[in-house]
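# Only the shape, not the letters, is given here:
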């Protein structure tokens, strides 16, 4: 089954480059231009992984992560947070928001692909266990 990646960034060139690389690698990619649009898309169809910018209009990446972590369906969703150079996120904030990986801009689309692939592989056993637990009477 094709894995769904939600990309969220307010910079179109970053969205295009990441979308191109991930689609060429076989992922189903959905894009959002801000956190509010991403949250609406997540509520419609939760992705398998979220890649979001930190600083965006309408809803920041941090606010988006808070919504994701408070929703039963998405609380375990792997999240890659993209940050501008010089914009630091402390380890404590990273843990509180459940950010799986931080990546500084500019980043290589290849590095993003590797991070997405690695996090999806790491989350697969947990997803199988959760599904099995729900199916057990």
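Nice, I can see it. What you are looking at is a predicted structure, and each value in this text was computed from that prediction instead of being measured. Residues are numbered from 1 along each chain as shown.
# Wait, residue 14 touches residue 109, no?
No: the pair residue 14 and residue 109 does not pass the contact test of CB atoms under 8 Å, sitting 9.4 Å apart. (C-beta placed from N, C-alpha, C; glycine too.)
# And stretch 87-101, end to end?
Counting by CA to CA, to the nearest Å, the length from the leading to the trailing residue of stretch 87-101 is 15 Å.
# Which residues does that stretch contact?
Among residues not part of stretch 87-101, those counted as contacts by CB atoms under 8 Å, 6 or more residues apart in numbering are 54-55, 62, 65-66, 68-69, 75, 78-81, 83, 102, 115, 119.
# Equivalent analysis for stretch 68-85, please.
Contacts with stretch 68-85, where a contact means CB under 8 Å, 6+ apart, come from 9, 14, 39, 42-43, 46-55, 61, 65, 89, 94, 97-105, 107, 112, 115-116, 119-120, 122-123, 126-127, 130.
# Could you tell me which residues within that stretch count as buried?
Using 16 or more other CB atoms under 10 Å as the test for burial, stretch 68-85 gives 68, 69, 74, 77, 78, 79, 80, 81, 82, 83.
# Which ones among these lie within helices?
Per DSSP state H, helices hold the following members of the buried residues of stretch 68-85: 68, 69.
# Looking at the buried residues of stretch 68-85, which one is closest to residue 34?
Ranked by distance to residue 34 (CB to CB), those are led by residue 82 at 13.4 Å.
# what's the closest non-adjacent residue to that closest one?
With sequence-adjacent residues excluded and distances taken as CB to CB, 6 or more residues apart in numbering, residue 82 is closest to residue 53, at 4.8 Å.
# Run through this structure and note the low-pLDDT ranges.
Counting by pLDDT under 70, the chain has low-confidence residues at 85-86, 125-137.
# Pick out the residue nearest the middle of it.
Taking CA atoms, centre = their mean, the centroid of the chain lies closest to residue 50, which sits 1.5 Å from it.
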